[in-house]
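> Provide a 3D model corresponding to the input given below.
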Amino acid sequence: GELYNNESAKSYLNYISSNVKAWAMLLFGIIVDESNKGILPLKIDLKSKVYDRRWLQEGFPLSDPRKKQITFDQIFRHKSGILAESVGDTRKGADWDFRYYTVGRDPDYPESAALYFDPETKYDYSSVSFNHLSLVIRNITGMKASEFLWKRMLEPIGFGSVSYWEYEGMGDYDWATSGQTGPKMTTRDYARLAYLLLREGKWEDKEIFPKQYLNIFKTSADYPNIRSNIDGYFGEQYPSDMFRVAGSGLNWAFIIPSLDLIALRTSRASNSLWDEVKSNFLEKLFSSILPKQLSESEKKMSDTIEVLPTPIKGQIIVDPDHPQWLEYKNGGSFFMCGPGDPEDFLYRGIRNSNGNRNGDQMQLINKLKGTGANCIYLQAVRSHGGDGDSTHNPFIDSDPKKGLNHNILNQWEKWFAEMDNNGIVIYFFFYDDDVSIWSLDNNGELCSEEKNFIQSLVNRFKCHKNLILCIDE
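Here you go, the predicted structure:
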């Protein structure tokens, strides 16, 4: 669907503000990828120090010795300590110099010189920190950031045109990668970028940026400019694989891979309306595309009615012609082959105080990639009579009475997302053999606690295409 408030809005070039921080992050991913492949004569990644003479010579001598600690990942998580918007930054003036103001070396505007806190110790949203990418991209590629954006991302996906705000002091740095100067684009071109995210960096048969780089951001709750719903930030009723890019003026795009959907809006509305408009936007969106949920009275009318989501392309489903077999929706036959161990996959490693593990799960997933093996056998509950110890369950303090620990589920989601993105089946058992937590009710049915446990796990992970749920070993 497509709706504009007037006809001219179709061709209007929208200023989408901080949305472009996400594109700067992804351009950096292109550089990281080419560094890893040896195309560039240097090594650089998220953990690299920003203040390095190889790509930020303008930053020396350092205006604050703590700047030598700052990494690109800290900039992307807004934990660099660089001048934040909560403090206020000038970014204007006839004698203002974009380059030297960015690195804290403009003597007429000294507020960006010192860090406001030690790197990694605090979160504070900073546009000045993101502007470092304008300098770094140019120094590494030899192209202005705007040229690199156009050549490597916008032109290949069929953009019409873009324009930039002109500010005194920018010199020929027409794109400040924080978004303060643009670029401005039509809503349809903005949708192209959102669709590129949905397709994990591929446009037709061309890779624009590596999908594994995007996966770092969309499976984490730590990056505000590519904000994931993995922790239920936008609402636990919405898919956990949903993520969003956004900018001031209520410009945002939600990307929902499990529904093969993008949904976006553009405007220059007041940010004071942000929460209200966002909530209404999501409520209307999902009420229009998801199956109707039964009311309590409707449930009482029939115990046999079950509302199921429509399978999406590529999802594992029951073969309708041969129900003893499985197949991919619109994708042919399904064959599964993989290891039946370790059964304690979810619980490998030492348990931390928040319930998470420091095990080798991601290494095991990476080991399977590209081998042809396409599943991992795992169990949610191995305690309470199973083969695991008392902590092998996803409950708060390992106590079923306290409910599910969402820190644990968030960590599982990171592993499941990586598996799903690489065609590895999440072969998920609710219980190990001999597990016994709850009893049946007086009617011989599952008790409400167990129903809630199962339904909560189903709702949390049903967004994945490569998922097979099993009750008991």
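> low-confidence ranges in this structure?
89-94, 290-309 (pLDDT under 70).
> what's the longest helix in it?
Longest helix in the chain, counting residues (DSSP state H): helix 19-36.
> how about the strands in this protein?
Under the criterion DSSP state E, the chain contains strands at 14-15, 184-185, 202-203, 206-207, 227-228, 243-247, 251-256, 261-265, 316-318, 326-328, 332-333, 375-381, 425-431, 467-472.
> Tell me the buried residues in stretch 327-337?
Using 16 or more other CB atoms under 10 Å as the test for burial, stretch 327-337 gives 327-328, 334. Every residue, glycine included, has its C-beta placed from N, CA and C.
> out of the strands of the chain, deepest packed?
Among those, the stretch with the highest mean neighbour count (mean count of other CB atoms under 10 Å) is strand 243-247, at a mean of 25.
> Can you show me the CA trace of the longest helix of the chain as PDB?
The C-alpha trace of helix 19-36 is given here as PDB (Å, rounded to 0.1, in the frame of the first residue of the first chain):
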ATOM      1  CA  ASN A  19      17.900   7.600   9.400                       C
ATOM      2  CA  VAL A  20      21.200   8.100   7.500                       C
ATOM      3  CA  LYS A  21      23.200   7.100  10.500                       C
ATOM      4  CA  ALA A  22      22.100   3.600   9.700                       C
ATOM      5  CA  TRP A  23      23.400   4.000   6.100                       C
ATOM      6  CA  ALA A  24      26.700   5.300   7.400                       C
ATOM      7  CA  MET A  25      27.000   2.200   9.600                       C
ATOM      8  CA  LEU A  26      26.300   0.000   6.500                       C
ATOM      9  CA  LEU A  27      28.800   1.900   4.400                       C
ATOM     10  CA  PHE A  28      31.400   1.200   7.100                       C
ATOM     11  CA  GLY A  29      30.400  -2.500   6.700                       C
ATOM     12  CA  ILE A  30      31.400  -2.400   3.000                       C
ATOM     13  CA  ILE A  31      34.800  -1.000   4.100                       C
ATOM     14  CA  VAL A  32      35.200  -3.700   6.700                       C
ATOM     15  CA  ASP A  33      34.300  -6.400   4.200                       C
ATOM     16  CA  GLU A  34      36.800  -5.100   1.600                       C
ATOM     17  CA  SER A  35      39.400  -4.900   4.400                       C
ATOM     18  CA  ASN A  36      38.800  -8.600   5.300                       C
END
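> And for the closest residue in space to A221 that isn't next to it in sequence, the neighbour number?
Distance criterion CB to CB, 6 or more residues apart in numbering; nearest residue to A221, sequence neighbours excluded, is D231 at 4.3 Å. Close neighbours of D231, defined as other CB atoms under 10 Å, add up to 17.
> In contact with D231: list those residues for me.
The contact partners of D231, by CB atoms under 8 Å, 6 or more residues apart in numbering, come to 221, 406, 410.
> Same list (these) but as CSV, adding distance to N280 and neighbour count.
Listed next are the contacts of D231 as CSV, based on distance: CB to CB, whole Å; neighbours: other CB atoms under 10 Å:
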residue, distance to N280, neighbour count
A221, 23, 15
H406, 25, 19
N410, 27, 21
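> Same list (the residues you listed) but as a markdown table, adding distance to Y51.
Output for the contacts of D231, formatted as a markdown table (distance: CB to CB, whole Å):
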| residue | distance to Y51 |
| --- | --- |
| A221 | 27 |
| H406 | 37 |
| N410 | 32 |
